[in-house]
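In: Fold the stuff below for me.
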Amino acid sequence: MSEQDYQRLGETLTRLQPQGAMSLEKLDGFFAALHAGPEAIKPADCLPAILGPAFDDDGAFSSPKVLEKFISQVMGHWLEIGRTLEDGADFYPWLDADADGTVHGNAWAEGFCEGMQLLYDDWTLLFDDAENGGALAPIMALAFEHHPDPEMRPFIDGASAEQKSVWLAELSPSVSQIHRFFARLRAEMLAAEAEAEADNTEF
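Out: Here you go, the predicted model:
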């Protein structure tokens, strides 16, 4: 994905946000969860979640070619996140700054949580893991920082700038840790299935 591709992808999502589409930051968090989580889900299957009501709007894209280009850009971003995590490279979340230059990260974390909802029962394996469950802490904190219910927020009166900086800095290692956790579980499951299949062939 070139810088121009990302610019156009971001512009398209921004144009469709009034219709419920994700921002590029939220999409990045969403895809990070799908790649790092229990089982990869094809991005094409997620277009209704990515576009919201715009998915059913025939006028959202001016032509089939424009829609095809958008899907290509979405797929390109999906693949880049996947390669980064599979290669064990440092993952850097796409975090947009506001008009004052401040990075908040809430949209990214909300996107990650939306991705978790698609396979929520499997994500409980991580919630219940004493050693790795903490990797979700900064993500959940940012996702619920401005929750309508004050009791759901990590700090009722709001987090300090220092605390937010800590959460933001922890996003990258957290995603990598989560990816390793589920990759190990998948490997163990495949090994167990292969062993069971080998045992069955002996009889």
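
In: residues near Ala169, how many?
Out: 11 (other Cβ atoms under 10 Å). Placement of C-beta: from N, CA and C, glycine included.

In: show me the contacts for it.
Out: Contacts for Ala169 (Cβ atoms under 8 Å, 6 or more residues apart in numbering) come out as none.

In: Is Gln73 in contact with Gln7, as I believe?
Out: No. With contact defined as Cβ atoms under 8 Å, Gln73 and Gln7 do not form a contacting pair (9.9 Å).

In: more neighbours, those two?
Out: Gln73 (22 against 12).

In: which residues sit in contact with that one?
Out: Met1, Asp5, Tyr6, Arg8, Leu9, Thr12.

In: residue ranges for the helices of the protein, please.
Out: Counting by DSSP state H, the chain has helices at residues 3-16, 24-36, 47-51, 64-86, 106-117, 120-127, 137-143, 161-201.

In: Need the residues that contact the shortest one.
Out: Contact with helix 47-51 is made by 16, 19-22, 27, 30, 43, 55, 60, 71, 74, 114, 118, as judged by Cβ under 8 Å, 6+ apart.

In: now with 10 Å?
Out: Residues outside helix 47-51 that contact it (Cβ atoms under 10 Å, 6 or more residues apart in numbering): 12-13, 16, 19-22, 26-27, 30-31, 41, 43-44, 54-57, 60-61, 67, 70-71, 74, 111, 114-115, 117-118.

In: same question for it, mean pLDDT?
Out: Here helix 47-51 scores 95 as its mean pLDDT.

In: ditto for the first one
Out: Summarised as a single mean, pLDDT over helix 3-16 is 96.

In: Show me which positions of that helix end up buried.
Out: For helix 3-16, burial by neighbour count (16 or more other Cβ atoms under 10 Å) applies to Tyr6, Leu9, Gly10, Thr12, Leu13, Leu16.

In: Right, I'll leave it there.
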